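Peer 1: model the following, please.
(2 chains, ligands or ions: 1)
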Amino acid sequence: MLELFTKIIKTGNRTEPLGEAGNQIEVLGGKLQNAIRQKFRGSLAIREVDAGSCNGCELEIIAMNNCYYDLDRFGVHFVPSPRFADMLLVTGPVTRNMETALKMTYEATPGPKLVVAVGDCAANCGVFGKDNYAIAGAVSDIIPVDVIVHGCPPSPTDMIRGVLAAIEGSGSPG
Amino acid sequence: MIHEANTWFAERLSDHGIVTRYLEDHHPVEMSCLQIRRLDWTHAAEEARRQDMRFVSLWAAEAGAHDEEALYAYMAFAHLEHRHVLLRTDLNVDDPVLPDISRHYVAAVRMERSLQDMFGIRVEGLVDTRRWLKHEHWPEDAHPMRSSFAANTRMEPNAGEYAFIKAEGDGVYEYPVGPVHAGIIEPGHFRFHAVGEKILNMEERLGYAHKGIEKIFEGLTAIQGSRLAGHISGDSAVAHTWAFAQACENAAYLEVPERAVALRAILCERERMANHIGDIGGVCNDGGFAFMNVQMQRLREDMARAHQDMFGHRLLMDLIISGGVNCDLDANSQHRLSEQTQNLASEVEELRTIYADHPSMQERVIGSGPVSIEDAKSIGLLGYIGRASGVYADARVEEAYPPYNRLQVQIPQGTFGDVATRVWVRFEEIVESARLICNLLKDMPDGPVQTDFIAPEAGISGFDVIEGWRGEISAWVRFGQNGTIDRYAVRDPSEINWLGLELAVREVPVPDFPLNNKSFNCSYSGNDL
Ligand code: SF4
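Peer 2: Here you go, the predicted structure:
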């Protein structure tokens, strides 16, 4: 146990101020009233949905929670079900085999809700392309999207910027 | 380089009256491809089993546009001393029927189901005839890998339901999970049957991440293909691009500069370390030991940052291309990388002591989800999952491809096959990878990092295997006209290892499933393609 505490003290606090976004962030929505966005601020619950990604985007989403980025400090946290989520964070080109599941997840999320499409695949099907029997489309072809974060994959900083942009409802901060 | 044909398996088959014909348009000859008669197909698999060969993969390919109309089935096996060997047989184009081999190699079942789905090949004698990658909403006659099926076909939705295995009995309840999971992981469906807390049976239903990857490969150049290969499974970008590149280079008999080879291995070992570190954190998180997870994710982030800094990509994507690599390290970066790798390894060792001395964590992992040596051998489990259960297959040793031919790779040999052993193997591999990286950096060959890739003639195929962090990736490519690829058949280790998870979690309490699943961490995208 002593070693454990020593390690905690030795490691110290590694959390950093949030950096600038490196990839483009597109804010599409504006469908939410500012008053509602205000309510999300400080306590936003996200449900992550992998609609067919290569798992690269997931690795960076997991990294949003590491001590350097510490997503929690922005009042944003992941939840295990869409039923109590305010936002869906969706990755991947939407595969034919995930299309229904994505729609159902969207429907199961109570309104008002936000959708952030993360990664080039989610934005425009990326390396896998739209002209493909196995792919239903980009995320915005299947469900309404508020913010798109580009990159393959986008960095954790880009993703946090994208999530915050969705709550703030303003243009690209990066 | 002198290439000597591998005739060992052909001789074994001939002892049993199976006639083989050596295919000259397949490279390298050390991993030869033998044509056999269709009626010998199952018998050949039986003989491979008798010779203690490991099942590697099963796939099909239509003949390319350069050839007469034909449909081929392939299977590959590996022998500890006699390397990899491929068998091919001809199928009837209009009514393709292939005999089943799953009674000798259970790991072939899902691949056979995929052949039925993707090629419309009927596998005769296959016990499980349900669809696999092709979900119920696809039209019955859709066989995307046939040339008659256009890549951009918009399929009309169909109705139908997957016939999950049913369980009956007092107090048995069914518990469906997914495809959207509770954690931040890839999509897939698990169907549990449980009594009280205990899992009786868990059935996997995968294919949700199917992106038509093998179809997209058709018509790409080897350079374009390298980029796509990096996204077959984004956590294994290096291993998959390396496997693809090496298959192409074998087809073309192209020698890659030594410096590029060393850099590839450095990237691959770094990828292994990063994933092992992240996953050990994940296992501990699922076991309620948040401290370890925070520490491990911190180290993983340190690695990602070093990768961004030295190679230009946090996850090492798009760095390997056919003919070499897209990156280089100057003397200063070499020094920094070596130092960072050593520091990481010693921090991991320090954390390992804390992990080992933490009884509440050990309680969860020791004895949980065991896979017996017998089962592991029978399935042919790969990578750290195999190595935790007495199967020590490692392509870096079996094939000893460069640069591993000049490095003595140490393989951890576990036997208990539980979560604790899988974690132990991964700790061991982190240390070993760090050692390999430092050795490679110490004797970095000079010279260029790339050579022009010149595609071989139409009809030439190439095969190779790479030991990624999850285990052996097998890759077979065939070139068609104009130097483009007309078929790429890749097998991620997960296609085999997923079967191990189903066995491991029997009798495990439901709340320990995530812990077990994380200790396997199979790829969905790599499996579903
Ligand atoms: S954007 Fe890139 S990293 Fe993300 S899922 Fe697509 S290919 Fe993978």
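Peer 1: give me the next element, helix or strand, following whichever strand or helix holds B:H43.
Peer 2: Element membership for B:H43 (DSSP states H and E) is helix B:41-50. Sequence order places strand B:54-62 as the next helix or strand after helix B:41-50, per DSSP H and E.
Peer 1: from the rest of the structure, what touches that following strand?
Peer 2: With contact meaning CB atoms under 8 Å, 6 or more residues apart in numbering or on different chains, strand B:54-62 is reached by B:45, B:48, B:69-79, B:84, B:91, B:101, B:105, B:107-108, B:111-112, B:115, B:118-119, B:121, B:145-147, B:380, B:393, B:465, B:472, B:474, B:476, B:478, B:487, B:489, B:491, B:495-496. The C-beta positions use only the backbone N, C-alpha and C, and glycine is treated the same way.
Peer 1: for whatever residue of chain A ends up closest to chain B, which non-adjacent residue is spatially closest?
Peer 2: Relative to chain B, the nearest point of chain A is A:G56 (2.7 Å; CB to the nearest CB). Leaving out its chain neighbours, the residue that sits closest to A:G56 by CB to CB, 6 or more residues apart in numbering or on different chains is B:G234, at 2.7 Å.
Peer 1: same check, this time on B:A108
Peer 2: In space, and not counting its chain neighbours, B:A108 is closest to B:S102: 4.6 Å by CB to CB, 6+ apart.
Peer 1: do B:L220 as well
Peer 2: In space, and not counting its chain neighbours, B:L220 is closest to B:I485: 5.4 Å by CB to CB, 6+ apart.
Peer 1: quickly list what the one you found is bridged to.
Peer 2: B:F479 (DSSP bridges).
Peer 1: residues touching it, list them.
Peer 2: By CB under 8 Å, 6+ apart, the residues touching B:I485 are B:217-222, B:225, B:248, B:477-479.
Peer 1: that older thread, the residue nearest to A:G56: neighbouring residues, count only.
Peer 2: A count of nearby residues for B:G234, using other CB atoms under 10 Å in any protein chain shown, gives 26.
Peer 1: for A:I62, same thing?
Peer 2: As a burial measure, A:I62 scores 20 neighbours (other CB under 10 Å).
Peer 1: which stretches in the stretch 201-350 of chain B count as strands?
Peer 2: Ranges of strands in the stretch 201-350 of chain B, per DSSP state E, counting those that start in this stretch, are B:320-321, B:324-325.
Peer 1: quick one: is the first one near chain A?
Peer 2: Right, strand B:320-321. No. Strand B:320-321 is not in contact with chain A by CB under 8 Å from any CB of the partner chain; minimum separation 14.4 Å.
Peer 1: show me what that strand is packed against.
Peer 2: helix B:222-229, helix B:237-252 (3 or more CB pairs under 8 Å, 6 or more residues apart in numbering or on different chains; DSSP states H and E).
Peer 1: lowest average confidence, helix or strand, in chain A?
Peer 2: When the helices and strands of chain A are scored by mean pLDDT, DSSP states H and E, helix A:34-40 comes last with a mean of 70.
Peer 1: what are the pairing partners of the helix or strand following that one, and which direction each?
Peer 2: Using DSSP H and E, the helix or strand that follows helix A:34-40 in sequence is strand A:44-50. Strand pairing for strand A:44-50, using DSSP bridges, gives strand A:76-78 (parallel), strand A:87-91 (parallel).
Peer 1: assign the residue at the greatest distance from the centre of chain B to helix, strand or coil.
Peer 2: Distance to the chain centre peaks in chain B at B:D170, reaching 39.5 Å (criterion: CA atoms, centre = their mean). Three-state call for B:D170 (DSSP: H, G, I helix; E, B strand; the rest coil): coil.
Peer 1: next: the one 3 residues further on.
Peer 2: Here B:Y173 is strand, with the state taken from three-state DSSP.
Peer 1: below-threshold pLDDT in the stretch 1-150 of chain B: ranges please.
Peer 2: The stretch 1-150 of chain B contains residues with pLDDT under 70 at B:1-5.
Peer 1: just checking, what packs against the helix or strand where A:I9 lies?
Peer 2: A:I9 belongs to helix A:2-11 when assigned by DSSP H and E. Using 3+ CB pairs under 8 Å, 6+ apart, the elements in contact with helix A:2-11 are helix B:290-311, helix B:331-356.
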